[in-house]
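K.L.:
just a sequence and a predicted model for now, questions to come.
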Amino acid sequence: MFAPILAAAPIDLAVFAACALIVLAGALGVVLSRNPVYAALSLVLTLFGVAILFVEQDAQFLAAVQVIVYAGAIVVLFLFVIMLLGVDRQETLGGEPLRAQRPLALIVGLAGLGEVLALARVRTWATGAASSVGPTTGPGSNVEKLARSIFTTYLLPFELTSALLIIAVIGAVVLARRPVRGVPPEALPTEDLDVPVGPGDGVRAVDGEPLADEEVASR
Amino acid sequence: MSLDGSYYLVLAAVLFTIGGIGLLVRRNVLVMFMCIELMLNAANLTFVTFSRMLNDIGGQSLVFFVLVVAAAEVVVGLGIIVAIFRRRADATADDLNVLKG
């Protein structure tokens, strides 16, 4: 199953080792850093490492898309939300509601990893018919072969993704709107939604006095 | 000769495990979201590796779709998080118990 690691070309081995280190360091950074901003930046590290591993495996188009969509759009969106909401403070450690959760999560995760690695010993990792859609090798670029597969075999799923993206955009717009219940927007107090809602606090008085900008920022 | 695919698969399994443990351990909703992205990336790495091992471009097509779905998911998920943040000042998953009976 595991071909001897030194049978590969030294450059492939070096690239894989460096990228594996980058990917794992970034992943641990996401999980372990207290500050969400550091976690997002560690996520960028992991995404770049995975992109290099894509190139190493002749998936150049996906590597480019990985950098553009993930590192370029998704992480920026994460950082934007973090900055917008002002949650770039450290996570509190006290008041753990489920004391046993962390050790249990560690045990369950490592047990899952052990299971997958044990399955690797059974020699059934990569089986099945080869090239049901099209080969990755042969003449033509990676982009050409990928495009041929997406625009012929997977044409219907590809069209469905456009519907999915439209739905996601509409959903984001709906979620981002402030709820207005029969009141024209200018009649609403400007900051009523920033007041934390307590239990049994179905109706609360609004004094209608808008908060100063510094107060809003400090919340 | 390129490196054997098994090593990539083991790396993907480790990455997936780190993401899963992080999802279970962390309290911050945003960081939990990032851990989901880690797990998606591990799955993508597995797809690309199998695509090379089986000489089948279908695996790479699937990664393309996973990227699209991940982008849509992040947009909606972050929208939900922003909506939650409007109502309460905290982003701790344990405090989101409005639906509790």
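P.N.:
It's in.

K.L.:
quick check, residue A:140 in a helix?
P.N.:
No - counting by DSSP: H, G, I helix; E, B strand; the rest coil, residue A:140 is not part of a helix but coil.

K.L.:
where's it relative to residue A:146, distance?
P.N.:
Using CB to CB, to the nearest Å, residue A:140 is found at 10 Å from residue A:146. Bear in mind the C-beta positions are built from the backbone N, C-alpha and C, glycine included.

K.L.:
which one of those two has more residues nearby?
P.N.:
When residue A:140 and residue A:146 are compared for neighbours, residue A:146 comes out ahead with 24 against 12, by other CB atoms under 10 Å in any protein chain shown.

K.L.:
tell me the pLDDT at the more buried one?
P.N.:
Looking at residue A:146, its pLDDT is 91.

K.L.:
so who does it touch?
P.N.:
Neighbour list for residue A:146: A:61, A:62, B:57, B:60, B:61, B:64 [criterion: CB atoms under 8 Å, 6 or more residues apart in numbering or on different chains].

K.L.:
if we go to 7 Å?
P.N.:
A:61, B:57, B:60, B:61 (CB atoms under 7 Å, 6 or more residues apart in numbering or on different chains).

K.L.:
which strand or helix spans the last one?
P.N.:
Per DSSP states H and E, residue B:61 falls inside helix B:58-87.

K.L.:
burial measure for residue B:26, as a count.
P.N.:
Residues lying near residue B:26 (other CB under 10 Å) number 25.

K.L.:
quick check: closest non-adjacent residue to residue B:19.
P.N.:
Once flanking residues are discounted, residue B:19 sits nearest to residue B:38: 3.3 Å by CB to CB, 6 or more residues apart in numbering or on different chains.

K.L.:
pLDDT at the one you found, what is it?
P.N.:
Per-residue pLDDT puts residue B:38 at 95.

K.L.:
residue ranges with poor pLDDT in chain A?
P.N.:
Applying pLDDT under 70 to chain A flags the ranges A:1-7, A:87-97, A:123-131, A:179-219.

K.L.:
for chain B, which spans come out with low pLDDT?
P.N.:
Within chain B, the stretches falling below the threshold (pLDDT under 70) are B:1, B:89-91, B:101.

K.L.:
before we move on, back to that, report all helices and strands that the helix holding residue B:61 contacts.
P.N.:
If contacts are counted by 3 or more CB pairs under 7 Å, 6 or more residues apart in numbering or on different chains; DSSP states H and E, helix B:58-87 sits against helix A:60-65, helix A:75-85, helix A:155-176, helix B:29-53.

K.L.:
in a markdown table, list those helices along with distance to residue A:116 and mean neighbour count.
P.N.:
Listed next are these as a markdown table, based on distance: least, CB to CB, whole Å; neighbours: other CB atoms under 10 Å in any protein chain shown:
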| stretch | distance to residue A:116 | mean neighbour count |
| --- | --- | --- |
| helix A:60-65 | 23 | 19 |
| helix A:75-85 | 27 | 17 |
| helix A:155-176 | 27 | 13 |
| helix B:29-53 | 10 | 23 |
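
K.L.:
what angle sits between the helix holding residue B:61 and helix A:155-176?
P.N.:
10 degrees (axes from the mean of the first three to the mean of the last three CA atoms, to 10 degrees).

K.L.:
so which bits of helix B:58-87 are buried?
P.N.:
Within helix B:58-87, the residues that count as buried by 16 or more other CB atoms under 10 Å in any protein chain shown are B:58-68, B:70-79, B:81-85.

K.L.:
for residue A:46, give me its contacts.
P.N.:
A:23, A:26, A:27, A:30, B:38, B:41.

K.L.:
tell me the one of those nearest residue A:132?
P.N.:
Nearest to residue A:132 among the contacts of residue A:46: residue B:41, at 24.8 Å, using CB to CB.

K.L.:
close enough to count as contact, the closest one and residue A:50?
P.N.:
Yes - here residue B:41 lies in contact with residue A:50, judged by CB atoms under 7 Å, at a distance of 5.1 Å.

K.L.:
anything in contact with each of these two?
P.N.:
Common contact partners of residue B:41 and residue A:50 (CB under 7 Å, 6+ apart): none.

K.L.:
ok so, going back, look up how far residue B:16 lies from the residue nearest to residue B:19.
P.N.:
Residue B:38 is 8 Å from residue B:16, where distance means CB to CB.

K.L.:
how is chain A carved up into domains?
P.N.:
If you go by automatic domain parsing, the domain ranges for chain A are A:8-89, A:136-178.

K.L.:
count residues in the vicinity of the residue nearest to residue B:95 when sequence neighbours are not counted, would you?
P.N.:
Leaving out its chain neighbours, the residue that sits closest to residue B:95 by CB to CB, 6+ apart is residue B:88, at 6.9 Å. Summarising burial for residue B:88: neighbours were counted as other CB under 10 Å, giving 16.
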